[in-house]
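Asks: A predicted structure for the sequence below; I have some questions about it.
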Amino acid sequence: MNIELADANFAVPLPWQTAAGAQLYARMREDKLPHALLISGIAGTGKRLFATRLAQLALCQAPDAGQPCGACSACTQFRAGSHPDYRFVTIPEDKTVIAVAQIRELIADLGLTSQHGGRRVALIVPADAMNAASANALLKTLEEPGPGTLLILVTARPSRLAPTIRSRCQQLRMQPPAQADALNWLDSQAARTDWPVLLGLAGGGPLAALSLSDSPQFGSRLELFKALQEVRAGRRNPVLCARDWSGKDTDLLLTLRLLQSWVMDLIAMKTEAVDAIVNQDARSLLQSAAQGIHLRGLHGMLGRLNEAVALAATSVNRQLLLESLLADWADGLKTLDAAPLAARGG
């Protein structure tokens, strides 16, 4: 679920980012910005939005109250994507990693003299997409940055970055807002009664919840849960169900996240932790589904799903992966061996 809403055009900073933004601007005025900043946090907290605004602010010729003025030539060029002192690096289309050639080109650009006579700024998103060669190529620049260089790395998975990269960056953890604050902000974007469900499914990230609200898969979420019940009751073929769920127009990762939420809600139901249930609008369905399922089996199924989420980022066969999961589900979760999904054809 890549739901950072990086290109959204919010006119004002996100409210939960104002304190961090003010601190960095204060350091900017004192010329004490770090040469490399690593911004991390769960998906949907607006990390890339924050990083992009910071990059524009660092290049702005007339910042106003800690915000880019939006009117100077630097801001005009930045918004047009043509600022000569700004570089943006991300995963190319049809690729899965940031290649070493991209980083080498970035390093060469950062070595040039600033055309505006100020900072040179680069944004790398998602930084964890750099492979080993890319990360190694970036290390020298992180160790010996040129004057006026600001490197901003953004990731939702900082643990996937090499320790040598993390240790050379000042780290900023973008915390999600409290649930009440997140719901208030979401209400200001659109009037919906299901924001609590969306926010729970999004793991607490408001922008993730906002993006998920437009997903057809969210709209058909209860049908997916009912299909699980039919598979378990033997009224639906798991292979045919997997075929239906693995179509090209279906987001595999989102499907797996929805399945995770269902299993975690069943665990909450079995342990009487009903306040922890995310899919509160499916309470009656959950009560029915919890009958006859052992808690141990549910934890085993959750482990399978966690593994499947990791596999979803690879070239795994989507249908075989879902068939394997649904076969376990159809078996009633009675016995789940320890063999990993990949070894079982997933």
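Replies: Sure, I can see it. Since the structure is predicted, the reported quantities are computational estimates derived from the model, not experimental observations.
Asks: If you count neighbours, what's buried in the longest helix belonging to the chain?
Replies: In the chain, with assignment by DSSP state H, the single longest helix is helix 252-270. Using 16 or more other CB atoms under 10 Å as the test for burial, helix 252-270 gives 252, 254-269. Where you see a C-beta, it was placed from the backbone N, CA and C, and this is true even at glycine.
Asks: what about the residue nearest to residue 127 when sequence neighbours are not counted, neighbour count?
Replies: Counting by CB to CB, 6 or more residues apart in numbering, residue 127 lies nearest to residue 153, which is 3.7 Å off, once chain neighbours are set aside. Residues lying near residue 153 (other CB atoms under 10 Å) number 27.
Asks: Give me the three-state assignment for residue 153.
Replies: Assigned by DSSP: H, G, I helix; E, B strand; the rest coil, the conformation of residue 153 is strand.
Asks: Might you report the residue contacts of it?
Replies: Contact analysis of residue 153 by CB atoms under 8 Å, 6 or more residues apart in numbering lists 36-39, 124-125, 127, 161, 165, 169.
Asks: Then residue 103?
Replies: Counting by CB under 8 Å, 6+ apart, residue 103 touches 89, 130, 134, 137-138.
Asks: hmm, 7 Å instead?
Replies: 130, 134, 137-138 (CB atoms under 7 Å, 6 or more residues apart in numbering).
Asks: Now do stretch 212-224: distance to the chain's middle.
Replies: When C-alpha coordinates are averaged (CA atoms, centre = their mean, to the nearest Å), stretch 212-224 and its chain have centres 18 Å apart.
Asks: Report the rounded mean pLDDT for it.
Replies: Averaged over stretch 212-224, pLDDT sits at 92.
Asks: what do you get for stretch 292-308?
Replies: Averaging pLDDT along stretch 292-308 gives 91.
Asks: I figured residue 230 was touching residue 237, is that so?
Replies: No: checked against CB atoms under 7 Å, the pair residue 230 and residue 237 is beyond contact range at 9.5 Å.
Asks: Now the common contact residues for the two.
Replies: When contacts are counted by CB under 7 Å, 6+ apart, residue 230 and residue 237 have no shared neighbour.
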